[in-house]
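Peer 1: build me a model from this:
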Amino acid sequence: MALSLARCPRIASLLAAALSLAPAFAAGPAAQAPAAPAQAPAAGVELSIRFYDKRIYFPESDIPIKVTIANKAPSAFRFKLADDRVHSLSFEARTPTNRLLDPSDQYRLAMSDTRPVFYRELSIEPGEEYSFVESLGRYLRIEGPGAFTIRASLRPELDAPSPALASNALSLSIRPSPGLPPAADSIRAQTGEVLQAQALPPDEVVRRTIAARQKGLWNEFFLYLDLESLMARNPDQKRAYDRESDEGRRRMLERYRADLQLSVVDEDIVVQPYFFEVLETRYTPSRGFVRVLEKFQSQQLRMVKEYSYELERRDGIWYLVGYSVLNKGTE
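Peer 2: Below you'll find the model as predicted:
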């Protein structure tokens with residue numbers, strides 16, 4: 001016999017309560033709706049990178065990269081930027097064979113630090129952009145010459161799982177260190193200590209270079225010579241050098257260094273003076289000129305010459321990149 005729920009209000013109310021609870025019991029903890037995914041960066045927001053001061057880079061160079069976040073969207077773009085930007089930004093570098101460079105030790109330490117990350121919340125209005133400069137060496141370990149493709153990623157919400165902004169690709173070429181000598185040639189003969197270029201003024205660099213040649217100390221003589229620039233003074237050698245691979249260029253520099261030591265090429269810069277005097281020093285933040293009077297013994301004659309040395313400053317170190325000679329006669 002059918003039972004009318006309308007005639008049994010107590011049963012109807014109990015049944016309605018059971019039906020209202022049924023979905024919660026059926027779902028259970030494992031079947032609950034997933035959390036909403038993190039919001040992707042707004043369309044029209046772009047991350048771009050470029051060299052802050054494009055120049056020739058060496059493995060030991062500081063490579064500043066300008067990072068720009070541009071808002072081309074119709075609404076404001078809000079994001080978090082860590083005070084230590086390694087927590088917001090990352091770089092990757094790949095070789096032509098698609099091998100990834102390792103992160104730097106500084107970046108690894110920052111990522112493994114368990115201390116709280118302090119940040120600012122920023123807002124970029126439509127048509128505006130925000131830029132800052134970061135040193136690539138804080139993020140990547142670049143230990144030798146080569147060609148690399150650089151890209152950056154920015155995490156607007158700091159936490160790694162959130163969608164990131166990806167940058168354009170940047171082509172980076174790292175040249176061999178100027179006149180990079182073999183390891184054995186980096187040792188001071190008298191003391192056994194490792195030779196290392198120092199942040200000296202241009203005239204002192206020239207004085208030490210000439211004095212080292214007077215004493216026959218080849219390792220110290222080559223310390224401040226930019227062999228690549230000196231070799232490029234010869235147009236034929238420069239064309240041949242530009243066509244070579246990185247390994248071929250390294251071999252050319254080694255041959256040029258050996259030829260200098262044998263006085264086969266550029267004899268004017270390796271000839272031993274018995275006397276020298278710095279006459280004039282002029283320099284800007286990046287270029288230097290040192291004029292020196294030098295005297296040489298040639299058989300029964302004493303030759304007098306005036307040298308004008310040209311220097312360039314890289315990463316705080318002055319390197320000798322060129323010279324000219326003016327004969328002043330004999331005495």
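Peer 1: strands along the stretch 101-250 of the chain, start to end?
Peer 2: Secondary structure of the stretch 101-250 of the chain (DSSP state E, counting those that start in this stretch): strands located at 119-124, 129-135, 146-154, 165-166, 170-174.
Peer 1: would JSON lines of those with mean pLDDT and distance to Asn219 be doable?
Peer 2: Every C-beta, even on glycine, is put in place using the N, C-alpha and C of the backbone. What follows is those, written out as JSON lines (pLDDT from 0 to 100; distance: least, C-beta to C-beta, whole Å):
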{"stretch": "strand 119-124", "mean pLDDT": "94", "distance to Asn219": "49"}
{"stretch": "strand 129-135", "mean pLDDT": "94", "distance to Asn219": "31"}
{"stretch": "strand 146-154", "mean pLDDT": "93", "distance to Asn219": "26"}
{"stretch": "strand 165-166", "mean pLDDT": "94", "distance to Asn219": "47"}
{"stretch": "strand 170-174", "mean pLDDT": "91", "distance to Asn219": "24"}
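Peer 1: buried sites along whichever helix or strand Ser324 is part of?
Peer 2: Of the helices and strands defined by DSSP states H and E, Ser324 is found in strand 317-330. Of the residues in strand 317-330, Ile317, Trp318, Tyr319, Leu320, Val321, Gly322, Tyr323 count as buried by neighbour count, 16 or more other C-beta atoms under 10 Å.
Peer 1: tell me which strands and helices it is in contact with?
Peer 2: With contacts taken as 3 or more C-beta pairs under 8 Å, 6 or more residues apart in numbering; DSSP states H and E, strand 317-330 sits against helix 202-214, helix 227-231, helix 267-270, strand 301-314.
Peer 1: what residues of the shortest one count as buried?
Peer 2: Which is helix 267-270. For helix 267-270, the buried set under the neighbour-count rule, 16+ other C-beta under 10 Å, comprises Ile269, Val270.
Peer 1: can you lay out the strands of the stretch 101-250 of the chain as TSV showing distance to Arg239?
Peer 2: Listed next are the strands of the stretch 101-250 of the chain as TSV, based on distance: least, C-beta to C-beta, whole Å:
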stretch	distance to Arg239
strand 119-124	48
strand 129-135	34
strand 146-154	20
strand 165-166	39
strand 170-174	18
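Peer 1: reformat these as JSON lines; add mean neighbour count and distance to Val45.
Peer 2: Formatted as JSON lines, the entries for the strands of the stretch 101-250 of the chain read as follows, by neighbours: other C-beta atoms under 10 Å; distance: least, C-beta to C-beta, whole Å:
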{"stretch": "strand 119-124", "mean neighbour count": "12", "distance to Val45": "8"}
{"stretch": "strand 129-135", "mean neighbour count": "14", "distance to Val45": "10"}
{"stretch": "strand 146-154", "mean neighbour count": "18", "distance to Val45": "10"}
{"stretch": "strand 165-166", "mean neighbour count": "16", "distance to Val45": "7"}
{"stretch": "strand 170-174", "mean neighbour count": "15", "distance to Val45": "19"}
